[in-house]
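S.K.: generate a structure from the sequence data that follows.
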Amino acid sequence: MNGHSDVEGIGLGLVAPPSSTGIKVIVVGSGFAGLACAIECKRKGHDVLVLEKFSELKVLGDVISLGPNAGRFIERWGLHDKLWPICAHAPFLNLHNHLGEIIQVQPLPAHEYGSQSYNGHRGEMHRILFQHAESIGVDIRLGQNITEYWETDQDGLAGVITNGECICGDVVIGADGVRSKARELILGFNDKHRSSGYAIYRAWFKAQENGVDKDPLIEFLTTGNDVLYGWIGKDIHLLASSFQNSTAISWLMTHKDDADINESWSFPGKMEDVLALVEGWDPRCAALLSKAPWCIDWKLVYRDPLPTWISEGARMAVMGDAAHPFLPMQGASQAIEDGVVLAVTLQLAGKAKVPLALRAWETIRYQRVRKAQIMGETTRDKWHRANPGDRGECIDIPRPEWLLSFDAEAHAYQVYNNVEKQIKEHGYKHPTCP
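M.R.: The predicted model follows:
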C-alpha cells in the first residue's frame, strides 16, 4: 500500500474496517499518549493490545489541559458531551503582579481554531478516555510488568516479555511516561535526567468542603462561574482556577528549586514552604493556598532532546512523555498528536513497511514537538523575568495559530507520500534539534 487513496476506509475522521490492515500494535502504557495511540490505531484498522503496569484504574492527579489541537480528536471520538461538563470554562485569564494589581485580562475563547479546549481533572478525563478505548474493542491488560522489548530483522516482528510471557506484534510503542523504562530498553541507553531549576506546588480540592466560599478574600472563586486567576512575581508564578461550576479549585505555583532528584520526582508538599513563597504578596494568594488540604511538590526535571524516538530496526518507538517531557502546557496535547499520527503512518505504509511507517512518523512529528517544547520554556522565562511595570499583551499566554489550529491527522495524510518518497530516495536520517 502506498498513498492514502489505496487504503479502504481511509479518510479524515473516518473509521476503517476492523483488522483491515493486519498490523498488530502493542502499546505499553495507558496514559494519554498510549490511549490516543490505541484509539486511533483501532479506528485505522489495526489490531491493538495495551499493556499497563498498574493493577487497577484510579482517578488521580489534578488539572490537565488539552488545547484545540488535541480537542478536535476528543470531538472526533464523540467524547465532547462526556468531557465538557467536567471541564473549566473560564472566559478570561485575570493576571496580576505579586501585589495584586491587575496587569492583563486575556480572553480565552471557548471555541478557537475550529475546536474546543478541554481543561479538567486529569484523573476524570483519563477515565473517560480509558473507558472509551475499552468500549471500541481495545484490549487493555492491567498489572503487566514489562521486562524486555525485542525486534527481529528476519521475520519482521517485535514484542515484549511481560509477566514472563512473550507477546509478539508488528510494532511496539513505549508510552510509559516520564519515568519510562521503554526509553532505555528500546533505545539502548539511559539518558539521565537533571534538575531544570524549577518545581511546581500543585493541588486540587473541593471548594465548599474546604471553606473557600466562606472566606471573603477568595469567595469570588465560588460564584458559580469558573474563573482563572494568575499572579506573577520574581522567579515565581501562581495560577488558580475554579472548575465544575466553581465547586472545585486547582492551583499551580511554579518556583525556583535546584534540588538534585535521584529517584522520585514528586513528594508531598509542606504548606509552610508554600506559604513562605508568597510572604508580602496579595493576601488572596495565602488565603487560597492555605485552603488546600494537601499539595504535591513536583520537581521539574529536564532531559536533553533525544536524537531519535525509534529503535535501530524501526519496529519499536517511544512517544508522549517517554519521548519528550513537557513543562505544563502542551504535553498531553502533543502526546495525543503522537498517537494519532502513528496510526495514520502505519495505515498508509501497510503491514509490509512498518519500519518505513515509524521513520515517517518521527520525521513528521519531531520538529513540531521540539518547537512546542521550547515555547513552554520561553513562556515560563518571560513571566519569571517580567518587570513590575510590564502590562498588556507582552505577558499573555501564547496561543499561536501554528500550534492550536493544527490538525495532526489531516497533516499526516497530506505529507505522508512526500515523506515516504524522501526517505526512499535519500535514506533515513534521524531528525536533530534546530
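
S.K.: low-confidence ranges in the stretch 301-434 of the chain?
M.R.: 302, 327-328, 380-393, 430, 432-434 (pLDDT under 70).

S.K.: mind listing the strands for it?
M.R.: Secondary structure of the stretch 301-434 of the chain (DSSP state E, counting those that start in this stretch): strands located at 316-318.

S.K.: could you pull out the helices for it?
M.R.: 331-349, 354-384, 401-404, 408-426 (DSSP state H, counting those that start in this stretch).

S.K.: possible to save those helices as JSON lines with distance to Ala323 and mean neighbour count?
M.R.: For glycine as for every other residue, the C-beta is placed from the backbone atoms N, C-alpha and C. Formatted as JSON lines, the helices of the stretch 301-434 of the chain follow (distance: least, CB to CB, whole Å; neighbours: other CB atoms under 10 Å):
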{"stretch": "helix 331-349", "distance to Ala323": "7", "mean neighbour count": "27"}
{"stretch": "helix 354-384", "distance to Ala323": "8", "mean neighbour count": "20"}
{"stretch": "helix 401-404", "distance to Ala323": "18", "mean neighbour count": "15"}
{"stretch": "helix 408-426", "distance to Ala323": "15", "mean neighbour count": "16"}
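
S.K.: closest to Arg122 out of those?
M.R.: Across these, Arg122 has its closest neighbour in helix 331-349 (8.3 Å, CB to CB).

S.K.: which strands or helices does the closest one pack on?
M.R.: If contacts are counted by 3 or more CB pairs under 8 Å, 6 or more residues apart in numbering; DSSP states H and E, helix 331-349 sits against helix 32-43, strand 63-66, helix 68-76, helix 354-384, helix 408-426.

S.K.: and these as TSV, adding distance to Trp231?
M.R.: Output for these, formatted as TSV (distance: least, CB to CB, whole Å):
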stretch	distance to Trp231
helix 32-43	29
strand 63-66	17
helix 68-76	26
helix 354-384	10
helix 408-426	34
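
S.K.: of those, which is nearest Val160?
M.R.: Per CB to CB, nearest to Val160 of those: helix 32-43, 13.4 Å.

S.K.: run the chain-centre distance for the closest one.
M.R.: Remark: helix 32-43 is offset 13 Å from the chain centroid, using CA atoms, centre = their mean, to the nearest Å.

S.K.: so what does whatever helix or strand comes next after it touch, helix or strand wise?
M.R.: Going down the chain from helix 32-43, the next helix or strand is strand 47-51, by DSSP states H and E. Strand 47-51 sits against strand 24-28, helix 32-43, strand 139-141, strand 165-169, with contacts defined as 3+ CB pairs under 8 Å, 6+ apart.

S.K.: how about residues contacting stretch 416-430?
M.R.: For stretch 416-430, the surrounding residues in contact (CB atoms under 8 Å, 6 or more residues apart in numbering) are 2-4, 307-308, 314, 344-345, 348-349, 356, 359-360, 362-364.

S.K.: nearest to Gln104 among the residues you listed?
M.R.: Nearest member of the contacts of stretch 416-430 to Gln104, counting by CB to CB, is Ile364, at 35.5 Å.

S.K.: domains in the protein, by residue range?
M.R.: Taking automatic domain parsing as the reference, the chain has its domains at 4-89+115-191+304-388+400-426, 194-301.

S.K.: tell me, how many residues neighbour Ser20?
M.R.: Using other CB atoms under 10 Å, Ser20 is surrounded by 16 other residues.

S.K.: is it correct that it is in contact with Gly45?
M.R.: Yes: with contacts defined as CB atoms under 8 Å, Ser20 counts as touching Gly45 at a distance of 3.6 Å.
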